[in-house]
Each structure stands twice: as structure tokens, then as C-alpha cells.
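Asks: Build me a model from this:
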Amino acid sequence: MLSEEIYKLDGEEKVQFVKIPDSEDTIKMSTKVDLNKRKFKIRSKADTPQGETEVKKELEISKDGKTLKMKTTNTTQRGHMFSRTVQEQVYNIQE
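Replies: So this is what the prediction gives:
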């Protein structure tokens, strides 16, 4: 499955209501994007019936432009319990 993510780089938090698949209900989702030189940060939060979910993505391109580092942190809160997973990936240009 291919997915596409499009972000505005104005630094403002965007709020939208997203339809839940196979349901008439929607969830509130907010997204904020920051760009600073070679570092790109995305923070998305969703208020779901099961609890709050937050996804943080940080992408950084090396000074020489040959390496992309991506760190994704997923945090899910359900009542008093929460879980967090962190995934780090490094992509190098092969010559």
C-alpha cells in the first residue's frame, strides 16, 4: 500500500477531522511541521475513542547530502497506560 503525506512548512498547527474507516465517526487530528536548515520535524496527534496517539518524525540530511536519518516515535495512551515505540533508520546514497 502506497501512502502520500503532504505538509505545509509554515510552522502552524493544522487541525482536521478525519473519518474513521467503516464508521460514520471522525477523530480530531492535529499536525505541526518545523523546518530548520537540514532538519525536518513533524508532530501529529489524534484523539481517538481508545485514547490519544502521538507520532513524531524527525528527518535530517547530512551536510554532504549523502545520508538521511529518520527517527519515528509513536506514543499511545489508553487511560492510565501508555506505550512508546521508537524506530530509527539511516539511508545512504550508494555510488
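
Asks: C-alpha from now on. contacts and neighbour counts both.
Replies: Fine.

Asks: which residues does the nearest residue to Lys28 once chain neighbours are set aside contact?
Replies: Spatial nearest neighbour of Lys28, excluding adjacent residues (C-alpha to C-alpha, 6 or more residues apart in numbering): Phe17 at 4.6 Å. When contacts are counted by C-alpha atoms under 8 Å, 6 or more residues apart in numbering, Phe17 touches Thr26, Ile27, Lys28, Met29.

Asks: of those residues, buried ones?
Replies: Neighbour-count burial (16 or more other C-alpha atoms under 10 Å) applied to the contacts of Phe17 gives Met29.

Asks: In strands, which of the contacts of Phe17 appear?
Replies: Judged by DSSP state E, the subset of the contacts of Phe17 located in strands is Thr26, Ile27, Lys28, Met29.

Asks: Low-confidence regions, the protein specifically.
Replies: Residues of the chain meeting the criterion pLDDT under 70: 1-3, 79.

Asks: So what pairs up with Thr67 in the strands?
Replies: Per DSSP bridges, the residues bridged to Thr67 are Asn92.

Asks: what sits against it?
Replies: Contacts of Thr67 (C-alpha under 8 Å, 6+ apart): Ile61, Val90, Tyr91, Asn92, Ile93.

Asks: hmm, 6 Å instead?
Replies: Going by C-alpha atoms under 6 Å, 6 or more residues apart in numbering, Thr67 touches Ile61, Tyr91, Asn92.

Asks: swap in Gln77?
Replies: Gly51, Glu52.

Asks: Now stretch 50-65: buried residues?
Replies: Glu52, Thr53, Glu54, Val55, Lys56, Lys57, Glu58, Leu59, Glu60, Ile61.

Asks: And the furthest pair within those residues?
Replies: Largest separation among the buried residues of stretch 50-65 by C-alpha to C-alpha: Glu52 and Ile61, giving 30.2 Å.
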